[in-house]
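In: This is a predicted model, with the sequence first.
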Amino acid sequence: MENNVYELQYAMDTFYFLVCGALVMWMAAGFAMLEAGLVRAKNTTEILTKNIALFAVACTMYLVCGYSIMYGGGIFLSGITEIDTASVLSDFAARDGGFQGGSIYSGASDFFFQVVFVATAMSIVSGAVAERMTLWAFLAFAVVMTGVIYPVEGSWTWGAEGLFGINLDDSFGFKDFAGSGIVHLAGAAAALAGVLLLGARKGKYGPNGEIRAIPGANLPLATLGTFILWMGWFGFNGGSVLKLGDIASAHSVAVVFMNTNAAASGGLIGAMIMAFALFRKADLTMALNGALAGLVAITASPDTPTPLVATIIGAVAGVLVVISILSLDKAKIDDPVGAVSVHGVSGFLGLMVVPFTAEGTTFFGQLAGGLAIFVWVFAASFVVWLVLKAVMGLRVSEEVEYEGVDISECGMEAYPEFTSKS
């Protein structure tokens with residue numbers, strides 16, 4: 001009878017892990033729709049190609065070496081398809097109260113859940129470098145980012161033994177529940193390095209330093225992308241509880257879902273109010289980025305705040321993301337979708353507010369952890385981008401950028417009936 005209970009718990013937690021991983025995979029569609037909506041029509045096909053290709057690259061590189069770098073073990077996940085049922089049941093029996101003593105689930109489900117996080121980090125980069133980077137330079141960077149750069153910093157936080165002897169949890173009491181820093185700040189750091197070397201889009205800044213708005217081609221698509229990301233985030237944060245098969249874990253999952261939703265709502269409201277105060281208009285793009293900023297900020301500790309505090313965290317992130325987007329524009333750092341602000345600034349904010357609600361954490365520990373992640377990812381990414389720039393070039397020609405990268409990079413247009421003669 002006891003073994004039957006353990007088998008049910010194992011099955012329930014493995015299935016929950018897989019469903020949450022599928023929700024996070026669905027976020028790839030959200031990023032694709034959001035970015036396709038915020039770029040110009042002439043660059044739509046290429047940004048969609050980047051998003052679906054990076055997902056495939058991330059899954060392959062994480063399988064080849066990324067997972068083993070982050071968690072140890074052999075490359076190509078050798079042996080992960082095998083299971084010894086008797087050994088699993090004996091592990092349960094050795095624990096006090098079965099699953100109450102910790103999580104045990106299929107290793108294959110763990111890989112699937114982790115690999116979609118890697119793809120999420122890389123998706124952040126694609127929007128920031130949109131409309132002027134070559135497709136193949138981007139995908140070459142994705143190979144290194146998903147195969148090495150992300151797994152190294154991931155090993156410092158979520159891995160049992162961090163590479164180079166670094167373990168942020170043990171050294172600083174660092175907490176990042178679902179990846180405000182590990183995923184989002186890391187993706188923003190890689191994006192920022194690329195943007196600085198790439199430069200701004202032609203025509204974005206005038207000869208006298210004036211900022212010229214370059215509106216996206218399809219705001220309904222961008223809004224749909226935001227809704228998809230909002231939904232997928234329940235798997236992103238909820239799955240990070242790691243189990244469901246007991247009362248405490250089920251309750252924790254419900255709290256995480258509730259706080260995730262509250263922070264997104266607060267972020268959207270905060271950004272809308274801030275944008276209205278500055279522009280006297282309800283700016284849709286700022287509202288969308290506000291919702292995402294709230295989601296990013298709550299990701300570091302969605303299990304500890306009250307719903308009201310989660311809403312406030314989201315609202316603060318929404319206000320800051322508007323300020324950050326405008327500030328980066330003034331500094332002539334051209335980020336077409338606001339990815340660096342949404343994932344970098346809000347990710348850092350999320351890390352720094354953790355001590356307000358999570359016992360055992362400190363502001364120093366969170367700051368040290370956040371800086372370690374940012375410095376490593378930014379420095380490593382900068383070097384990789386620099387090498388790619390020297391070897392193959394990062395940027396399309398001025399003529400190609402003017403005509404749009406869809407035809408030159410992909411040989412087709414997303415909306416041909418609006419541009420081609422019949």
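Out: Ah, there it is. All figures in this text were calculated on a predicted structure; none of them were measured in a lab.

In: was I right about residue 181 contacting residue 369?
Out: Yes - here residue 181 lies in contact with residue 369, judged by Cβ atoms under 8 Å, at a distance of 6.4 Å. Using the backbone N, CA and C atoms, a C-beta is placed for each residue, glycine as well.

In: Pick out whichever of the two has more residues nearby.
Out: Taking other Cβ atoms under 10 Å, residue 181 and residue 369 do not tie; residue 181 has more neighbours (33 against 28).

In: measure stretch 179-186 end to end?
Out: In stretch 179-186, first residue to last residue: 9 Å (Cα to Cα, to the nearest Å).

In: Just the buried residues of it, please?
Out: 179, 180, 181, 182, 183, 184, 185, 186 (16 or more other Cβ atoms under 10 Å).

In: Next one: the nearest residue to residue 271 once chain neighbours are set aside from residue 346, what distance?
Out: Leaving out its chain neighbours, the residue that sits closest to residue 271 by Cβ to Cβ, 6 or more residues apart in numbering is residue 290, at 2.3 Å. From residue 290 across to residue 346, the span is 9 Å (Cβ to Cβ, to the nearest Å).

In: same question, residue 314
Out: From residue 314 over to residue 346 (counting by Cβ to Cβ), the distance is 9 Å.

In: what touches both of these two?
Out: Shared contacts of residue 314 and residue 346 (Cβ atoms under 8 Å, 6 or more residues apart in numbering): 267, 293, 294, 297.

In: so which strand or helix has the third one?
Out: Taking DSSP states H and E as the definition, one finds residue 294 inside helix 284-298.

In: CA atoms of that helix as CSV?
Out: Provided in CSV are the C-alpha atoms of helix 284-298 (Å, rounded to 0.1, in the frame of the first residue of the first chain):
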residue,chain,number,x,y,z
LEU,A,284,-0.3,50.2,-25.0
THR,A,285,3.3,49.2,-25.5
MET,A,286,4.3,50.5,-22.1
ALA,A,287,1.3,48.7,-20.6
LEU,A,288,2.4,45.4,-22.2
ASN,A,289,5.9,45.9,-20.9
GLY,A,290,4.6,46.8,-17.5
ALA,A,291,2.8,43.4,-17.2
LEU,A,292,5.9,41.6,-18.2
ALA,A,293,8.0,43.6,-15.8
GLY,A,294,5.7,42.6,-13.0
LEU,A,295,6.0,39.0,-13.9
VAL,A,296,9.8,39.2,-14.1
ALA,A,297,10.0,41.0,-10.7
ILE,A,298,7.9,38.5,-8.8
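
In: Just the helices from the stretch 101-250 of the chain, written as ranges.
Out: Along the stretch 101-250 of the chain, the segments classed as helices by DSSP state H, counting those that start in this stretch run 107-128, 135-144, 150-155, 168-172, 186-198, 219-238, 247-279.

In: The longest helix along the chain: which residues count as buried?
Out: Ranked by residue count and defined by DSSP state H, the top helix of the chain is helix 2-38. For helix 2-38, the neighbour count (16+ other Cβ under 10 Å) marks 6, 9-10, 12-14, 16-18, 20-21, 23-38 as buried.

In: Does anything pack onto the helix or strand that it is followed by? Which helices or strands?
Out: Downstream of helix 2-38, the first helix or strand assigned by DSSP H and E is helix 44-61. Applying 3 or more Cβ pairs under 8 Å, 6 or more residues apart in numbering; DSSP states H and E, we find helix 44-61 packed against helix 2-38, helix 107-128, helix 135-144.

In: My guess is residue 40 contacts residue 216. True?
Out: Yes - Residue 40 sits in contact with residue 216 when judged by Cβ under 8 Å, with a separation of 7.2 Å.

In: Residue 158: neighbouring residues, count only.
Out: Neighbours of residue 158 using other Cβ under 10 Å come to 18.

In: For it, grab phi and psi.
Out: Note on residue 158: its backbone torsions stand at phi -100, psi -10 [degrees, to the nearest 10].
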